[in-house]
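Novice: show me the folded form of this:
(one chain, ligands or ions: 1)
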Amino acid sequence: MTTVLKLGGSVITDKDRAETVDGAALDRAADAVARAADDLVIVHGGGSFGHHNAEAYGVSTTEGTHDIEGVTEIHAAMKALNGLVLRRLHDRDVPAVPVHPLSAASRDTGGELTLPAAQVATLRAEGFVPVLHGDVVAHRGEGVTVLSGDEIVTSLARSLDAERVGLCSTVPGVLDTDGDVIPRIDRFEDAAEALGGAESTDVSGGMAGKVRTLLDLPTPASVFGLDDLSAFLAGETPGTTVD
Ligand code: IP8
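Specialist: Purely as a prediction, here's the structure:
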């Protein structure tokens, strides 16, 4: 039973200090994974890694660059964070293997993503825990653009036929206007008010964009905070279930 888990960049890094992990949070996440690592694929975001480099070179999920220094810097920052995540997992004997999307994925002129998953599936079948990360990817007509961890999660959830999808976030779930966790969202309209209205078109990582994308998945997904990561990995459905 394959689980795709996203560790939010803001969860595992210190957002206020460039290229700095939140060591305590990353330790907690790694502890939870080590207790449960079974048929698991991990994807992590950037947090204080990668985003400022992308901004400096004017690169987003739609605006690309051909500047080799930009490509190299953004990719290197994300690989650096990936290395730090792997080290924490290896310290706990999790057989984590890095998978860098830049080496495999691409977008067509319309921005449609192709992310091959055979290597991820095979690594998983062989008992490894593939660890992917937000990255830059080749984009026809744009050079490279940013590929967010959320896009990777939804792509892998489909191609691996994942039974479970979890987004470990800085909040304990999707929050309503009173700040309480909405236990279940079946339609965008159920949470539209809290998410900034049905017209919201945020696709770049905001909660509205996440919910829209997760609603399209064939698999129910959970959005929860770090406190609930162990419960999620133990098979529970903490936080908000988006189905
Ligand atoms: O934090 C970031 O991935 P995300 C990827 O999941 C970058 O949006 C900035 C290269």
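Novice: contact partners for residue 97?
Specialist: Residue 97 is in contact with 123, 128-131, counting by Cβ atoms under 8 Å, 6 or more residues apart in numbering. For glycine as for every other residue, the C-beta is placed from the backbone atoms N, C-alpha and C.
Novice: tabulate those residues (JSON lines), appending distance to residue 81.
Specialist: Compiled in JSON lines, the contacts of residue 97 are given as follows (distance: Cβ to Cβ, whole Å):
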{"residue": "123", "distance to residue 81": "20"}
{"residue": "128", "distance to residue 81": "19"}
{"residue": "129", "distance to residue 81": "16"}
{"residue": "130", "distance to residue 81": "16"}
{"residue": "131", "distance to residue 81": "10"}
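Novice: redo these as TSV? Include neighbour count.
Specialist: Output for the contacts of residue 97, formatted as TSV (neighbours: other Cβ atoms under 10 Å):
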residue	neighbour count
123	18
128	18
129	21
130	23
131	26
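Novice: OK, contacts around residue 159?
Specialist: Residue 159 makes contact with 115, 117, 121, according to Cβ under 8 Å, 6+ apart.
Novice: quick one, helices of the protein?
Specialist: Shown for the chain, the helices assigned by DSSP state H span residues 9-12, 23-36, 51-56, 68-91, 118-125, 149-159, 188-191, 207-215, 229-233.
Novice: and these: which comes nearest the ligand?
Specialist: When the helices of the chain are compared by Cβ to the nearest ligand atom, helix 149-159 sits nearest the ligand, at 3.0 Å.
Novice: for the ligand, state which of the contacts of residue 97 is nearest.
Specialist: Nearest to the ligand among these, with distances taken as Cβ to the nearest ligand atom, is residue 131, at 13.3 Å.
Novice: check what pLDDT that closest one gets.
Specialist: Residue 131 carries a pLDDT value of 98.
Novice: before we move on, what about residue 68?
Specialist: Reported pLDDT for residue 68: 98.
Novice: interface residues of the chain facing the ligand?
Specialist: Residues of the chain lying close to the ligand (Cβ under 6 Å from any ligand atom) are 9, 45-46, 50-51, 54, 74, 78, 134-136, 146, 148-150, 205.
Novice: 5 Å instead, please
Specialist: 9, 45-46, 50-51, 54, 74, 134, 146, 148-149, 205 (Cβ under 5 Å from any ligand atom).
Novice: can you redo those as JSON lines, where the extra columns are distance to residue 181, neighbour count and pLDDT?
Specialist: Shown next, in JSON lines, are the residues of the chain next to the ligand (distance: Cβ to Cβ, whole Å; neighbours: other Cβ atoms under 10 Å; pLDDT from 0 to 100):
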{"residue": "9", "distance to residue 181": "21", "neighbour count": "24", "pLDDT": "95"}
{"residue": "45", "distance to residue 181": "21", "neighbour count": "27", "pLDDT": "96"}
{"residue": "46", "distance to residue 181": "25", "neighbour count": "27", "pLDDT": "96"}
{"residue": "50", "distance to residue 181": "29", "neighbour count": "29", "pLDDT": "95"}
{"residue": "51", "distance to residue 181": "26", "neighbour count": "24", "pLDDT": "93"}
{"residue": "54", "distance to residue 181": "31", "neighbour count": "24", "pLDDT": "96"}
{"residue": "74", "distance to residue 181": "33", "neighbour count": "28", "pLDDT": "97"}
{"residue": "134", "distance to residue 181": "25", "neighbour count": "30", "pLDDT": "97"}
{"residue": "146", "distance to residue 181": "29", "neighbour count": "27", "pLDDT": "97"}
{"residue": "148", "distance to residue 181": "23", "neighbour count": "25", "pLDDT": "95"}
{"residue": "149", "distance to residue 181": "22", "neighbour count": "24", "pLDDT": "95"}
{"residue": "205", "distance to residue 181": "20", "neighbour count": "21", "pLDDT": "53"}
